[in-house]
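S.K.: What shape does this take:
(one chain, ligands or ions: 1)
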Amino acid sequence: MLCWIVVAALFGGDAPPGELPPEAASRRIEELRREIAHHDELYFRHAEPEISDSTYDGLKRELAALGEAFPALAGGLSPADGLGDDRTGLFPTYRHREPMLGLEKTYSETELRVFLARLARSEGRDDLPFVIEPKVDGLAVSVTYEKGKLVRAVTRGNGTEGDDITANARNLRRLPRELRMNDPAGGPPPESIELRGEIYVPFADFRRVNEEREAADESLFANPRNLAAGTIRQTDPEEVERRGLDVVFYGFAACEPASAAPATQRELHERMRAWGLPVFAAIRTARNADEVWSAVQEVGRERANLAFPTDGAVVKLDPVALQRRLGASETAPRWAVAYKFAPERARTRLLAISVQVGRTGLLTPVAELAPVAIAGSTISRATLHNSREVARHDFRIGDTVVVEKAGEIIPELVEVDFATRPAGSRPYVFPAACPVCGTEIAAEGDVIRRCPNPSCPAQVRGRIGHFASKAGVNLPGLGPALIDALVARGKIRTIADLYRLKPADLDSQGTGPDRTADRLIAAIAASRQSELWRFISGLGIPRVGEAAAKVLARRFGSLAALAAAQPANLIADRGSAVPGLGTAAALSVRDFLADRGNRALLAELQEAGVNPAER
Ligand code: IVH
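M.R.: From the prediction side, this is the model:
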């Protein structure tokens, strides 16, 4: 019974999962696992999430609740309870001396107090000493110092083994290469110590980088975390510095000699500060649940003044001996818990639902809203993800809706205020035809809707725009307006057409003096010499971003060799046949190459003199 109450509370009154028939539960578990795996891949491997953290956490909690209600169906509940995997294949990997775990998360005062009460009960006292820290929204890093010198920086990876990003980490703004050895407050650092912290991008740098990208007509980073993750996982250390990545430390793992390890979390912070490492300006302490809760709320109030993005507070037991005794589960320590802040919400009117056509023909419904201020900006559009999400929430034009925005992320609609729904409103019907070219829409499963017409002007514009972006060969002179005009006039249908453009084709587009046109033609011609990965990434193969494109460039060495790849060169019995490339990406490349139109495009590119090789 208690379990049902908890479950019902989690779902805000929806039918508890325990009431679902087992077949429906089993289907939903499967569906959630697939969806979570998909979002894990986007988040961890590509640093390009499609949904907000709170929606993602909602999926994981629904799966966990179903797992509790149907233990028989829940065998091997991964990936819901796993940690994900952010290894890229671009760096040598390194095995952590102690695993990098996640944190158990709570989302309400009650959940947090349940955790604290359990801890007090298991220790038989209710005056346990706690430390409360901000929860930084970046990516975890493990940094090892030996004899005070920085020797290694490694990402979390799968928790056991991560990417060795030492060269990139050396360019983090405040990461010292050497620790201060003689500060009396810190004493000499241990012979060797593995420190744990978070790499992040300060808000000011996030805004600056996006402003620069906007000016250069490049796609924007949805939030500071994506910018940090996307930058640290690429192989140009200078970019780390240019984009202002920074780090802050909050933990330690392996330490030699063991006797040199700090005895409390507070001591750790003080000593790290004395060694010259970046740490939180202030941490809070508490001795019971009430004090913990007020400290957590203080962190919430302080958030707006912090330079780094936060998504919660972390409550930790202070004495290291106690931490050690309590130990950890497979995924999280038992002596710490995260409290996640609720994202900011606001109410507004849903004026219309428009449908965007992506470069792969993917149709995304977008909410057009009466402008509303939230989390420091004015929102007039929000993603609705897909037709199923619109149907699930029953969003209708004219509804009053709740919009959610956490920090700097892309806003999303979370619910309808049914009480104020206007009489006579109708459920939203997804269009049957592409809003741009009128072709009948194709359904892929329950969720995905695509315009199947590869010549749809929206897709053509999207593909060319992607190829010309920094993710491709980087032609800043070829902006959206010019692409629109060239596509409308039939001057370009494919990226190969770019290499056949003449100054006259551009002239009549009103691009100004001839010199602009000449310069663009010269830039397009020069792009023939771009690095191979830029062409591969610029092709816009689903699931092949910069990282995967670099792996493919290294593996195949030339566009011709990639074009000639056989399915067996990409997919083996047990998944991807390309080391460092994920199976989903390998399947996507195989499908791309199997398509006649794509083969023709690759041939045309080569005919147009584009045949870059890996240098
Ligand atoms: S302690 C074994 N402290 O949050 C203890 N983690 O969601 C685990 N994080 O993997 C880490 N701020 O990347 C800790 N003050 C903080 C943190 C923090 C952010 C991250 C860390 C962790 C993740 C869990």
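S.K.: Residue 482 and the ligand, how far apart?
M.R.: Distance from residue 482 to the ligand, counting by Cβ to the nearest ligand atom, to the nearest Å: 43 Å. Yep, even glycine has a C-beta here, placed from its N, CA and C like the rest.
S.K.: Pull out the buried residues from the helix or strand containing that residue.
M.R.: Taking DSSP states H and E as the definition, residue 482 sits inside helix 480-488. Neighbour counts over helix 480-488 (16 or more other Cβ atoms under 10 Å) mark 482, 483, 484, 485, 486, 487 as buried.
S.K.: List the contacts of the closest residue in space to residue 100 that isn't next to it in sequence.
M.R.: Nearest residue to residue 100, sequence neighbours excluded (Cβ to Cβ, 6 or more residues apart in numbering): residue 156, at 4.5 Å. Contact partners of residue 156, counting by Cβ atoms under 8 Å, 6 or more residues apart in numbering, are 83, 86, 100, 139, 140, 141, 142, 162.
S.K.: How far away from the center of its chain is the strand or helix carrying the last one?
M.R.: Of the helices and strands defined by DSSP H and E, residue 162 is found in strand 161-163. Here the centre of strand 161-163 is set off from its chain's centre by 18 Å, with Cα atoms, centre = their mean, to the nearest Å.
S.K.: Over to stretch 124-135?
M.R.: Worked out by Cα atoms, centre = their mean, stretch 124-135 lies 31 Å from the chain centre.
S.K.: now the end-to-end length of it.
M.R.: For stretch 124-135, the first-to-last residue distance is 28 Å (Cα to Cα, to the nearest Å).
S.K.: Next, the buried residues of it.
M.R.: By neighbour count on 16+ other Cβ under 10 Å, the buried set for stretch 124-135 is 128, 129, 130, 131, 132, 133, 134, 135.
S.K.: and what of stretch 25-37?
M.R.: Going by 16+ other Cβ under 10 Å, stretch 25-37 has these buried residues: 25, 26, 28, 29, 32, 33, 35, 36, 37.
S.K.: Among those, which one lies nearest to residue 390?
M.R.: residue 35 (16.3 Å; Cβ to Cβ).
S.K.: which SS class is the closest one?
M.R.: Put simply, residue 35 is helix when judged by DSSP: H, G, I helix; E, B strand; the rest coil.
S.K.: Chain neighbours aside, what residue packs nearest to it?
M.R.: Nearest residue to residue 35, sequence neighbours excluded (Cβ to Cβ, 6+ apart): residue 59, at 6.0 Å.
S.K.: same thing with residue 463?
M.R.: In this structure, residue 463 finds its nearest non-sequential neighbour in residue 359, 4.8 Å apart by Cβ to Cβ, 6+ apart.
S.K.: can you check residue 352 too?
M.R.: Nearest residue to residue 352, sequence neighbours excluded (Cβ to Cβ, 6+ apart): residue 368, at 4.2 Å.
S.K.: Now do the helix or strand where the one you found lies: distance to the chain's middle.
M.R.: Counting by DSSP H and E, the element that carries residue 368 is strand 363-374. Centroid separation for strand 363-374 versus its chain: 21 Å, with Cα atoms, centre = their mean.
S.K.: Name the strands paired with that strand and say parallel or antiparallel.
M.R.: With DSSP bridges as the test, strand 363-374 is paired with strand 344-357 (antiparallel), strand 377-383 (antiparallel).
S.K.: Pick out the shakiest of those, pLDDT-wise.
M.R.: Sorting these by mean pLDDT places strand 377-383 lowest, at a mean of 87.
S.K.: C-terminal to it, what's the next element?
M.R.: Following strand 377-383 in sequence order, the next helix or strand is helix 387-393 (DSSP H and E).
S.K.: Which residues does that following helix contact?
M.R.: Residues from elsewhere that reach helix 387-393 (Cβ under 8 Å, 6+ apart): 353, 365, 384, 413-416, 427-428, 430, 446-447, 449.
S.K.: Residue 199: neighbour count?
M.R.: Using other Cβ atoms under 10 Å, residue 199 has 27 other residues around it.
S.K.: ok, now residue 157?
M.R.: A count of neighbours around residue 157, defined by other Cβ under 10 Å, yields 25.
S.K.: how close does it get to residue 93?
M.R.: 7 Å (Cβ to Cβ, to the nearest Å).
S.K.: Spit out the residues that contact these two alike.
M.R.: Common neighbours of residue 157 and residue 93 (Cβ under 8 Å, 6+ apart) are 87, 163.
S.K.: How about the residues of the stretch 101-250 of the chain by the ligand?
M.R.: Within the stretch 101-250 of the chain, the positions lying close to the ligand (Cβ under 6 Å from any ligand atom) are 101, 102, 103, 133, 135, 136, 140, 198, 250.
S.K.: so what's residue 337 up against?
M.R.: 103, 104, 105, 106, 112, 115, 116, 314, 315 are the contacts of residue 337 under Cβ under 8 Å, 6+ apart.
S.K.: Among the residues you listed, name the ones in strands.
M.R.: Judged by DSSP state E, strands contain the following of the contacts of residue 337: 105, 106, 314, 315.
S.K.: Which strand residues bridge the residue in the chain that the ligand sits nearest to?
M.R.: Residue of the chain nearest the ligand, by Cβ to the nearest ligand atom: residue 140 (3.2 Å). Residue 140 has these beta-bridge partners by DSSP bridges: residue 198.
S.K.: Helices of the stretch 151-300 of the chain, residue ranges please.
M.R.: For the stretch 151-300 of the chain, the helices defined by DSSP state H, counting those that start in this stretch cover 166-169, 203-215, 224-232, 237-242, 265-274, 289-302.
S.K.: and the nearest residue in space to residue 579 that is not next to it in sequence, which of the three is it?
M.R.: Once flanking residues are discounted, residue 579 sits nearest to residue 89: 7.0 Å by Cβ to Cβ, 6+ apart. The three-state label given to residue 89 by three-state DSSP is coil.
S.K.: that older thread, then the residue nearest to residue 35 would be within a strand, right?
M.R.: No - assigned with three-state DSSP, residue 59 falls outside any strand and is helix.
S.K.: That one reaches residue 37, doesn't it?
M.R.: No - counting by Cβ atoms under 8 Å, residue 37 is not a contact partner of residue 59; they are 10.6 Å apart.
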